[in-house]
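> My questions are about this predicted structure, shown below with the sequence.
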Amino acid sequence: MAQETTPKPDTPCIAVCVIDPTTGLCLGCGRTLAEIARWHAMERSERLSVMATLPQRMTDAGLPLPAPRKRRDSGT
């Protein structure tokens with residue numbers, strides 16, 4: 001039986017939705033409110049481009065990087 005591969009999600013959201021008042025960035029993902037609001041209207045390439053900037057954006061803002069999301073065990 002072939003093992004299914006799970007594609008990486010097109011969202012950095014980890015369900016820690018709190019906006020830092022100083023930086024305007026979400027403490028969970030590093031996006032701005034404007035980016036969060038437009039996320040589903042963005043083209044996939046734009047979402048991936050934003051996602052590529054988030055770790056450095058959070059580091060530059062002095063915010064801790066969130067722990068990587070754990071993958072769900074498929075039970076196989």
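Received it, and whenever you're ready, just let me know what you need. All figures in this text were calculated on a predicted structure; none of them were measured in a lab.
> any idea of the mean pLDDT for the longest helix seen in the chain?
Ranked by residue count under DSSP state H, the longest helix found in the chain is helix 44-60. Per-residue confidence for helix 44-60 averages out to 97 on the pLDDT scale.
> Now do the buried residues in that helix.
Applying a neighbour-count criterion of 16 or more other Cβ atoms under 10 Å, one finds 47, 50, 51, 54, 57, 58 buried in helix 44-60. (C-beta placed from N, C-alpha, C; glycine too.)
> which outside residues touch that helix?
Outside of helix 44-60, the residues that reach it under the criterion Cβ atoms under 8 Å, 6 or more residues apart in numbering are 10, 11, 12, 25, 29, 30, 31, 35, 39, 42, 64, 65.
> so the first one, which of the three states?
Put plainly, it is residue 10. coil (DSSP: H, G, I helix; E, B strand; the rest coil).
> show me what contacts it?
Contacts of residue 10 were listed using Cβ under 8 Å, 6+ apart, and they are 44, 47, 48, 51.
> Out of these, flag the one nearest to residue 19.
Top of the list for closeness to residue 19, among the contacts of residue 10 and by Cβ to Cβ, is residue 51 at 17.9 Å.
> Quick check: closest non-adjacent residue to the most centrally placed residue in the chain.
Centrality entry for the chain: nearest residue to the mean C-alpha point is residue 12, 1.4 Å, by Cα atoms, centre = their mean. With Cβ to Cβ, 6 or more residues apart in numbering as the measure, residue 29 is the residue that lies nearest to residue 12, at 4.0 Å, once sequence neighbours are left out.
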